[in-house]
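In: generate coordinates for the sequence data below:
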Amino acid sequence: MEIIITTHAQRQLKKLSAAAIQELKAAILGLARWPDVENVIRLKNRPDYRLRVGRWRVLFEVSEGRLFITQVLLRDEQTY
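Out: This is a model prediction of the structure:
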């Protein structure tokens, strides 16, 4: 599966520490095995999915054989 990181998500990743980026990168590359991926749920009343990576959340959509990373967020009460 092709993984595409949107410009918005790229900007969010650039603001993180090197350790966080490395951890998230490994998890995002693991999404290539879609749909056999752990720590992923479909969000209610939304068309996207959530990947949990420690304190971080990676929001993504799947369309036409492509996986689009839309946001990378630190989990807090305003994440969703």
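In: partner residues bridging the residue nearest the centre of the chain?
Out: Nearest to the mean C-alpha position of the chain, counting by C-alpha atoms, centre = their mean, stands V58 at 2.5 Å. With DSSP bridges as the criterion, V58 is bridged to L51, V72.
In: does it touch R75 like I think?
Out: No. When contacts are counted by C-beta atoms under 8 Å, V58 is not listed as touching R75 (10.8 Å). Placement of C-beta: from N, CA and C, glycine included.
In: can you name the residues that contact the residue lying closest to G65 once chain neighbours are set aside?
Out: Of all residues not flanking G65 in the chain, M1 sits nearest, at 6.4 Å (C-beta to C-beta, 6 or more residues apart in numbering). Contact analysis of M1 by C-beta atoms under 8 Å, 6 or more residues apart in numbering lists L31, A32, R33, W34, G65, R66, L67.
In: what about the top helix by length along the chain, average pLDDT?
Out: Determined from DSSP state H, the single longest helix within the chain is helix 18-30. Helix 18-30 comes out with an average pLDDT of 95.
In: strands along the chain, start to end?
Out: Remark: strands assigned in the chain by DSSP state E are 2-5, 40-42, 49-53, 56-63, 66-74.
In: adding mean pLDDT and distance to E23, write those strands out as TSV.
Out: Below are the strands of the chain laid out as TSV (pLDDT from 0 to 100; distance: least, C-beta to C-beta, whole Å):
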stretch	mean pLDDT	distance to E23
strand 2-5	96	15
strand 40-42	95	16
strand 49-53	95	6
strand 56-63	95	8
strand 66-74	95	11
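In: now render the ones you listed as TSV, adding distance to Q12.
Out: Below are those laid out as TSV (distance: least, C-beta to C-beta, whole Å):
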stretch	distance to Q12
strand 2-5	10
strand 40-42	19
strand 49-53	13
strand 56-63	10
strand 66-74	4
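In: of those strands, which approaches K14 most closely?
Out: strand 66-74 (10.0 Å; C-beta to C-beta).
In: tell me how far S63 lies from D76.
Out: Using C-beta to C-beta, to the nearest Å, S63 is found at 28 Å from D76.
In: repeat for T6
Out: 21 Å.
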